[in-house]
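> Build me a model from this:
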Amino acid sequence: MSRFVIIGAGPAGMRAAEVLRQKAPEAGIVLIGDEPHLPYDRPPLSKGFITEGLDAARLALKPESFYAEQRISLKLGTPAAAIDRAGKAVLLAGGERIAYDRLLLAMGCRGRKLPVSLTGDMPVHYLRSLADAERIRATLGPGVEIVMIGGGFIGLEIAASARKLGAEVTVLEMAPRLMSRAVPAVVGDFARALHERHGVVFEFAARLNALARGADGRALVETQRQAYPCDLVIAGVGAEPNTALAEAAGLVVEDGVRVDAWGRTSDPDIFAAGDVTHHDSPPLGRAIRIESWQVALNQAAAVAAAMAGAGEPYAELPWLWTDQYDCNIQALGLFEAGLEPVLRGDPAAGAFTLLGLDAEGRIAAAITVNNGRDMAVLRRLTASRAVLPKDALADPARKLSDLLKLARSG
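Residues are numbered from 1 along each chain as shown. The predicted model follows:
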């Protein structure tokens with residue numbers, strides 16, 4: 001009987017265990033996690049968990065009974081300490097040794113920390129785990145002044161949640177605009193106007209000098225331009241893949257655990273899935289690392305099937321989304337240099353779609369702002385690789401579903 005071991009009890013690890021049980025009914029499956037919680041959903045941590053006081057138990061992706069019924073052995077609250085490739089075993093921090101036939105690495109990412117030389121002994125909050133969210137939630141409230149360092153998805157979601165709770169929010173962004181690594185300027189500018197309407201204050205191209213304690217005992221965040229007294233400092237300055245175990249085991253690591261489209265590492269018996277991977281992307285024709293709920297679940301399902309000896313390569317375009325106040329932004333594919341932007345709708349009206357066309361005129365990327373209904377059709381249009389009239393794509397009066405029919409007829 002085969003034995004599959006999974007390191008990482010997040011969404012990717014949970015989904016992989018679920019699919020492994022479907023594909024290998026008699027196999028042994030062990031799921032190892034360093035947190036004490038059952039695998040849980042992470043997107044609500046920066047939104048509803050903070051603003052609506054959600055019970056942590058409601059975040060669980062599956063009830064405890066699921067793992068018992070599916071004969072998935074849980075090793076929670078016990079981090080993996082090492083991988084013995086020669087002996088095909090995982091060593092836990094408590095000393096336990098767990099043998100495997102095939103191993104899946106699904107350790108995800110950790111939040112990038114500000115340098116100690118900058119922060120000193122001042123407390124800085126980061127949001128990656130349920131425990132992080134609980135600490136932030138306990139502090140936010142009416143009149144609380146926070147400084148949010150970082151204007152990416154997570155930083156802006158926390159800013160929106162804090163404003164909903166009546167906190168005063170200043171966002172310090174190192175780039176000249178918001179979400180600069182993920183979306184084009186028209187979307188970042190829209191988000192800035194949205195947050196400013198809700199009372200958020202921004203400093204762009206911010207350069208941090210130090211975090212100190214002010215005369216009133218509160219935190220003082222100093223930039224090259226000015227100092228911001230506050231009750232709470234939160235940083236969302238990116239994430240780094242948890243590759244220490246893989247590196248120590250001698251696996252190939254390049255901005256994540258390097259895998260092919262089936263999730264295979266440089267060791268034929270070790271696979272990886274989710275945010276920790278730098279994986280081959282057939283649609284893009286190159287390797288990428290994406291921190292995405294979609295990748296965590298869907299890539300994990302494809303890799304689990306490959307581990308069980310079946311399945312197809314993971315070949316989806318990346319898909320990301322963010323909710324800020326009543327605004328929903330979704331991004332399909334990667335808006336990279338060289339794509340020609342085509343705007344459908346007027347940002348001033350509060351809803352629009354931005355397309356990115358490649359050199360042949362095919363849709364290679366798309367972003368919807370309060371236009372989520374477009375996304376299902378856009379997935380199909382990108383998959384069709386059809387070249388459509390640019391004037392039709394730019395005309396919001398032309399339904400995308402009609403253009404899909406045109407693509408099929410072509």
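> surely residue 222 meets residue 206?
No: using CB atoms under 8 Å, residue 222 is not in contact with residue 206, being 10.5 Å away. (C-beta placed from N, C-alpha, C; glycine too.)
> more crowded one of the two?
Comparing residue 222 with residue 206 by neighbour count (other CB atoms under 10 Å), the higher total belongs to residue 206, at 22 against 16.
> right, and that one touches residue 223 too?
Yes: Residue 206 is in contact with residue 223 according to CB under 8 Å; the separation is 4.9 Å.
> and for these two, which residues touch both?
Common contacts of residue 206 and residue 223, defined by CB atoms under 8 Å, 6 or more residues apart in numbering, comprise residue 172.
> quick one: what helix or strand has residue 170 in it?
Element membership for residue 170, per DSSP states H and E: strand 168-172.
> tell me what that strand is packed against?
The contact analysis (3 or more CB pairs under 8 Å, 6 or more residues apart in numbering; DSSP states H and E) places strand 168-172 against strand 145-149, helix 153-164, strand 201-203, strand 227-230.
> what does it rub up against?
143-151, 155-156, 159, 162-163, 195, 199-203, 206, 208, 221, 223, 228, 230.
> Mark out where each domain of this structure begins and ends.
Following automatic domain parsing, one finds the domains of the chain at 3-110+239-307, 116-235, 335-409.
> for those domains, which one sits closest to residue 324?
Shortest distance between residue 324 and these, using CB to CB, is found for domain 116-235: 4.3 Å.
> Just the endpoints, please. Distance across that closest one?
Domain 116-235 has an end-to-end distance of 13 Å (CA to CA, to the nearest Å).
> mean confidence score for that domain?
Domain 116-235 carries an average pLDDT of 96.
> Stretch 323-341 now?
Rounded mean pLDDT across stretch 323-341 is 95.
> quick check, distance from it to the centre of its chain.
Put simply, stretch 323-341 sits 14 Å off its chain's centre (CA atoms, centre = their mean, to the nearest Å).
> need the contact list for residue 40.
Going by CB under 8 Å, 6+ apart, residue 40 touches 10, 56, 59-61, 130.
> And the closest residue in space to residue 238 that isn't next to it in sequence, how close does it get to residue 274?
Closest residue to residue 238 apart from its sequence neighbours, by CB to CB, 6 or more residues apart in numbering: residue 112 at 4.4 Å. Between residue 112 and residue 274 the distance, using CB to CB, to the nearest Å, works out to 18 Å.
> do residue 384 as well
According to CB to CB, residue 384 and residue 274 sit 28 Å apart.
> Kindly report the same for residue 179.
Distance check for residue 179 against residue 274: by CB to CB, it reads 22 Å.
> the more surrounded of these two?
residue 274 (34 against 23).
> which residue packs closest to the more buried one, ignoring adjacent ones?
residue 12 (3.2 Å).
> Pretty sure that neighbour sits in a helix.
Yes: counting by DSSP: H, G, I helix; E, B strand; the rest coil, residue 12 falls inside a helix.
> And it, how far from residue 171?
Applying CB to CB to residue 12 and residue 171 gives a distance of 30 Å.
> When the two are compared, which one has more neighbours?
When residue 12 and residue 171 are compared for neighbours, residue 12 comes out ahead with 32 against 25, by other CB under 10 Å.
> The more buried one: what's it in contact with?
By CB under 8 Å, 6+ apart, the neighbours of residue 12 are 106, 108, 273-275, 295-297, 299-300.
> Pull out the buried positions in stretch 207-216.
Residues of stretch 207-216 classed as buried: 208, 211 (neighbour count, 16 or more other CB atoms under 10 Å).
> swap in stretch 269-280?
Quick answer for stretch 269-280 (16+ other CB under 10 Å): 270-280.
> out of these, what pair is the most spread apart?
So, these by CB to CB: farthest apart are 270 and 275, at 17.0 Å.
> Could you point out the helix or strand that follows the host helix or strand of residue 355?
Element membership for residue 355 (DSSP H and E) is strand 352-357. Note on strand 352-357: by DSSP H and E, the next helix or strand toward the C-terminus is strand 363-369.
> show me where the stretch 51-200 of the chain has strands.
For the stretch 51-200 of the chain, the strands defined by DSSP state E, counting those that start in this stretch occupy 72-76, 80-84, 89-92, 97-99, 102-105, 109-111, 145-149, 168-172.
> ok, the third one: who's next to it in the sheet?
In the sheet containing strand 89-92, its partner strands are strand 80-84 (antiparallel), strand 97-99 (antiparallel), by DSSP bridges.
> Quick check: which of the strands of the stretch 51-200 of the chain is buried the most?
For the strands of the stretch 51-200 of the chain, the largest average neighbour count (mean count of other CB atoms under 10 Å) is found in strand 102-105, namely a mean of 28.
> Give me the helices and strands touching it, please.
By 3+ CB pairs under 8 Å, 6+ apart, strand 102-105 packs against strand 3-7, strand 270-272, helix 300-307.
> How far away from the center of its chain is that strand?
Centroid displacement of strand 102-105 relative to its chain, using CA atoms, centre = their mean, is 21 Å.
> any idea of the mean pLDDT in that strand?
When pLDDT is averaged along strand 102-105, the result is 98.
> Counting by contacts, list what the helix or strand harbouring residue 279 packs against.
Per DSSP H and E, residue 279 falls inside strand 277-281. Helices and strands touching strand 277-281, by 3+ CB pairs under 8 Å, 6+ apart, are strand 257-259, strand 286-288.
> any idea how far that strand is from the chain center?
That offset, for strand 277-281, works out to 15 Å (CA atoms, centre = their mean).
> Would you confirm that residue 378 contacts residue 367?
No: using CB under 8 Å, residue 378 makes no contact with residue 367, being 9.4 Å away.
> I'm done for today, thanks for sticking with me.
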